[in-house]
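Visitor: Quick one: sequence and predicted model below, then my questions.
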Amino acid sequence: MKKIEKYLFLLAFLILSGLVSANSSSPTYYYYQGQKIDLPVDFSRLALKFHTGLTTADPVSVVSNTGVQIISAEPTGVNQRYLVTLKTPLSTVAEVDKNIKTLLNSPSIDFASPVFQGIVSGTWVTITPDILLRFKPEFVSNSELLLSILAPELEIITKNFGNMSGAYILRSSSRNGFEVLAIANRLTEDPRVAWSEPDAHFSAKADLTPNDTYFSLLWGILNNWPGGTADMDLDGDSAWDYTTGDSTIKIMVFETGVQQDHPDINQVPGFDFTSEGIENGGPGNECDNHGTGVAGCISAIINNNLGTIGVAPDCKTVSARVGVSTVPCNGTWNGQFSWSVNALAWAETTGVRVTNNSNSYGATFNALTAKYDTTHTNGMVHFASAGNASSSNIAYPAEIPIVNAVAALDTAGLLADFSNWGVGLDFSAPGVLVVSTDRTGDDGYVAGDYLYFGGTSAASPYSAGVAALVLSQNPSLTSNEVESIMRCSCKDLGPLGYETTYGWGFVNAENALLNTPESDLDSDGLSNQCDNCAAVSNPTQEDTDADNVGDSCDNCLSVANSNQADSDTDQVGNVCDICPNHYNPLQQPIKAGDANASGGNPNLTDIIYVVNYVFNSGLAPNPICRGDANASGGNPGLADIIYLVNYIFNSGPGPVKIGVCCL
């Protein structure tokens, strides 16, 4: 007993004196959608932000003066940030951290980070001083108090980041990327935090396969291409008999800029979300070419005696500049997580109904996924390129469930050899030899105003253009209804029905405009009287749990739950909900003793949590029974602390696993 009391006294002293601190190791992972994601280290490079005002000729000499030997300093084009290549690659994470600390002895270096390999080949991810964080809904009202407890060392830069309640941009005073990443991970592991991640600086690839200029038939809209397959197209010309689009329907393109004065693009001024402040979201350097081609696929002007036509020529595209192209031009660009989120927040306030993202990001991030979700719920329809890696894995952000992933087809209607496919693919559209707009004159990919534009970079905006036509005809449609119309109006390719090579099939503009059946409120092609999910699109009418509710609107897919009750709003019906009165989307069993809701076996951090609650007025476990280690049924107290200490340090009996304590 004296041994236990000794542990308790020491533990209470550490907590009350504020000496218990987070793990100070050098992490090589972060969290995405609740899962730990490895970050492979690039041992040959480091990322540095030099002090503002340092000339471009100085970086190599500044680094050399610290004793760290490098052979080059490559500018990213953003905010005095460079990737420096080491003379001799390092071998361990500890060596990387040691070199970072050595570099930070220089007052000319504001911040240093490891370089991690991105999820797309050839891309990279680095850390910045900023952290993106959002609290779970039930803790939003006390979010600033929680921040003062959880991370008093962080400065609040932005509240309600991205127009998301309980979301923040926070800034660390640390100059070491490993330390910022460790803070973000520690915050993620708190049960009150929905997500936390560094506002990472990452590179991405434009999903483009450009070619030379050639005025030609727009086979994707009307296929008269030599060697092409007749009618293997969007039927765009027939769709234009119904509508060429409405000028009130705006389509935002995530890009490195769109030429604002192009004579053949129907657009309204955009915005630059990078640190460069380029007027109206136009190109900022000689390699910012991709966006002009993407915008032309959607809204190149009709009947103006110029080169090409977009799918929705009388709708308006709007440029969201979220990245800076790499110079010299190699088809990649780089940006920060928050820039893309801020673009979606801006789209909400400016009436955008459709977005297109023809890029493969080098990293996944919670903040953008969350913002895509909320804007989709509020009526915005999202499209993104599936990727050009000939892979069965859909690229990010196309892999996000509510973002429509689009594969590329050739002139015969076959999957292009470069196109990605796989689980999560939604649509297919033209992506080979697509004529589109280029930056005018000598700027752009070619010496001219038009080019053959290809890749899933073209397929995605073609699909977005079809959505814009549908909304032009009926702007009251929800995002789910637009997507349902497009699914059931596709030209079916491959095996009958949905499959992972072509998704729902080849998007068809004419069929989409014709497909608004009467008495079909959810627009899934079935009249409501024989529809088992009358308010939500569910064209296959699947009902695997036989509760007469289609799975697409069923919050408990494997257990009958006809009234769809969900008291804790975690999208799991009470019938199969392990904890129906408390938010628990992963349906993990409640473990007595798991005070901090980590999901693992009780450990020292749980003791700290309970001691802080009992002796220091800390936050209570949620639900309270998590701290009831001895399963007495009462609120956590000294007896529970003793029980946990005895279990962890003295091989005592373990806490009892209980799944009903939260009722």
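Guide: Nice, thanks for sending it over. Residues are numbered from 1 along each chain as shown.

Visitor: Any idea which helix or strand in this protein has the lowest mean pLDDT?
Guide: Lowest mean confidence among the helices and strands of the chain (mean pLDDT, DSSP states H and E): helix 2-16, at a mean of 47.

Visitor: Can you name the element that comes right after that helix?
Guide: strand 29-32 (DSSP states H and E).

Visitor: Against which helices or strands is the following helix or strand past that next one packed?
Guide: Where DSSP H and E defines the elements, the next helix or strand beyond strand 29-32 is strand 35-38. Judged by 3 or more CB pairs under 8 Å, 6 or more residues apart in numbering; DSSP states H and E, the packing partners of strand 35-38 are strand 29-32. Where you see a C-beta, it was placed from the backbone N, CA and C, and this is true even at glycine.

Visitor: what comes up buried for the strand it packs on?
Guide: Tyr30, Tyr31, Tyr32 (16 or more other CB atoms under 10 Å).

Visitor: ok, now stretch 329-348?
Guide: Buried residues in stretch 329-348, defined by neighbour count with 16+ other CB under 10 Å: 331-348.

Visitor: Out of those, list just those in strands.
Guide: Thr332, Trp333, Asn334, Gly335, Gln336 (DSSP state E).

Visitor: Using JSON lines, lay out those residues together with distance to Thr123 and pLDDT.
Guide: Below are those laid out as JSON lines (distance: CB to CB, whole Å; pLDDT from 0 to 100):
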{"residue": "Thr332", "distance to Thr123": "7", "pLDDT": "94"}
{"residue": "Trp333", "distance to Thr123": "10", "pLDDT": "96"}
{"residue": "Asn334", "distance to Thr123": "9", "pLDDT": "96"}
{"residue": "Gly335", "distance to Thr123": "12", "pLDDT": "96"}
{"residue": "Gln336", "distance to Thr123": "14", "pLDDT": "97"}
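
Visitor: where exactly do the strands run in the stretch 101-250 of the chain?
Guide: 109-117, 124-126, 130-135, 155-159, 167-171, 193-198, 201-206, 250-255 (DSSP state E, counting those that start in this stretch).

Visitor: strand partners of the shortest one, parallel vs antiparallel please.
Guide: Each strand that strand 124-126 pairs with, and the sense of that pairing, follows from DSSP bridges: strand 109-117 (antiparallel), strand 201-206 (antiparallel).

Visitor: now do the third one
Guide: The strands beside strand 130-135 in its sheet (DSSP bridges) come out as strand 167-171 (antiparallel), strand 193-198 (antiparallel).

Visitor: and Thr377, how many neighbours?
Guide: Number of residues near Thr377 (other CB atoms under 10 Å) recorded here: 12.

Visitor: Okay, it and Phe506: tell me how far apart.
Guide: Counting by CB to CB, to the nearest Å, the separation of Thr377 from Phe506 is 28 Å.

Visitor: swap in Ser484?
Guide: Relative to Phe506, and taking CB to CB, Ser484 is found at 17 Å.

Visitor: cool, Asn404 as well?
Guide: Separation of Asn404 from Phe506 (CB to CB): 14 Å.

Visitor: Common neighbours of those two, please.
Guide: Taking CB atoms under 8 Å, 6 or more residues apart in numbering as the contact rule, Asn404 and Phe506 both touch Phe427.

Visitor: related to what we said a few turns ago, now, which of the buried residues of strand 29-32 sits nearest Cys297?
Guide: Nearest to Cys297 out of the buried residues of strand 29-32 is Tyr32 (CB to CB; 30.2 Å).

Visitor: thinking the closest one is in contact with Tyr361, fair?
Guide: No. Here Tyr32 lies out of contact with Tyr361, judged by CB atoms under 8 Å, at a distance of 11.8 Å.

Visitor: about what we covered before: if you count what's nearby, which of Asn404 and Phe506 comes out ahead?
Guide: Each of Asn404 and Phe506 has its neighbours counted (other CB under 10 Å); Asn404 has more, 31 against 24.
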